[in-house]
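K.L.:
All I have is the shape, not the residue letters:
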Ligand SMILES: [Mg+2]
């Protein structure tokens, strides 16, 4: 059965406002209304702020700021450590609530989900009224403040959700006909999917606003930033994906592969690339809430012959270091004759839902690693995949990988799947 149930024209993105800070208030209601920050180690002034409440933001506290600086800006700042179990519980509760309205709910991060209202009874009152009702239910039943964007595609719904944060209703509907009026005046940095590097490149060529991006000729734009320029313009025309995918577990595998600009001479040069590939796969697994036991490594040699090795892990894996370790084991099983090689790919299949918690009784370090990985995911969600890299992937090949995937940021799950997740997308077809 296809994992894609419907293509809708009533695509919504719901985003929890300052999720970590909002959950801290759920855990301790006395914190409501106080300037609040979440940091990995509240006692360490070098620890960075993962999320700040709106009250703290008003006083100058920013995400990614070292705690010392945040406390200097706001001496009354309350700092709490992250509570990933609480975030997962809140996410599950919100998922259950959304599913009262529609079965088409797709999580793209711990605090963001697409949902499609097409065919739902709630839609009879209109999409905006339905979303206002959903938002009120989330607020009153779960104590979570959310913003909801409504539009015809994932991209436009995402852009609408940013605007919704400034609306008193917390809901904003963006019609494709209003894109020019609403989005074109915004700076290109506001375009979801454009990171700082691409923005700087566009600015250098006097493309400063989303409107100017839309008005650039496709030829000129692709010569500046590559094929992704076409995707950006299609997104603005409302031609982006309108598919809300459900049942991620129906995916057979999650994989990532890279064709090298120059052949890789030997295992020493391949290892950092495998780490980067393992990191990409692990991060996608966690985003989809999945883990897998079958790990495979594909290498293509100079003569275009493709070689595979596979193993079955004892436990389903979803952490970079686990998948990397298995990839190294597999690498040792290849003959030396695969070098020089021109492509490598890491794939994880045999997917199961990620355990809600690792076996903590004897596995406290595993728990800490998982919490750390999820924190990294959160930072990447906000700042892009290259916001945090494994130090040993920072060689040129690792950097190449991240550059090639840097547009695959959080909400573009569908778009990434089409472009760079062969194992994830090959089995998915858009429903008619
Ligand atoms: Mg959020």
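P.N.:
Happy to help now that I have it. Predicted, not measured: the structure shown is a model, and the values here were computed from it. Residues are numbered from 1 along each chain as shown.
K.L.:
Quick check: which element contains residue 134?
P.N.:
Take DSSP states H and E as the rule and residue 134 turns out to sit in helix 127-142.
K.L.:
what does residue 99 give?
P.N.:
When elements are assigned from DSSP H and E, residue 99 belongs to helix 84-101.
K.L.:
Helix 127-142 and that helix, what's the angle between them?
P.N.:
With axes from the mean of the first three to the mean of the last three Cα atoms, to 10 degrees defining the directions, helix 84-101 sits at 140 degrees from helix 127-142.
K.L.:
Pull up the pairing partners for the helix or strand following the helix holding residue 134, direction included.
P.N.:
With elements assigned by DSSP H and E, the helix or strand that comes after helix 127-142 is strand 146-151. For strand 146-151, the pairing partners within the sheet under DSSP bridges are strand 11-16 (antiparallel), strand 171-173 (parallel).
K.L.:
Does strand 146-151 reach the ion?
P.N.:
No. Looking at strand 146-151 against the ion by Cβ under 5 Å from the ion, there are no contacts, and the closest approach is 7.9 Å. (C-beta placed from N, C-alpha, C; glycine too.)
K.L.:
For that strand, give me every contacting residue.
P.N.:
10-17, 127-128, 131, 134-135, 138-139, 156-165, 167, 170-176, 238 (Cβ atoms under 8 Å, 6 or more residues apart in numbering).
K.L.:
Give the pairing partners of the helix or strand following the helix holding residue 99; include direction for each.
P.N.:
Secondary structure here is assigned by DSSP H and E; on that basis, the next helix or strand after helix 84-101 toward the C-terminus is strand 105-109. Strands adjacent to strand 105-109 in the sheet, as given by DSSP bridges, are strand 112-116 (antiparallel).
K.L.:
The strand it pairs with close to the ion?
P.N.:
No. No part of strand 112-116 sits close enough to the ion to count as contact by Cβ under 5 Å from the ion; the gap is at least 6.1 Å.
K.L.:
What average pLDDT does that strand get?
P.N.:
If you average the pLDDT over strand 112-116, you get 92.
K.L.:
how far out from the middle of the chain is stretch 277-288?
P.N.:
Chain-centre distance of stretch 277-288: 10 Å, with Cα atoms, centre = their mean, to the nearest Å.
K.L.:
Report the buried residues of it.
P.N.:
Using 16 or more other Cβ atoms under 10 Å as the test for burial, stretch 277-288 gives 277-288.
K.L.:
Quick check: end-to-end length of stretch 188-195?
P.N.:
Start-to-end span of stretch 188-195 (Cα to Cα, to the nearest Å) is 9 Å.
K.L.:
pLDDT on that stretch, on average?
P.N.:
Over the span of stretch 188-195, the pLDDT mean works out to 94.
K.L.:
Thank you kindly, that will do.
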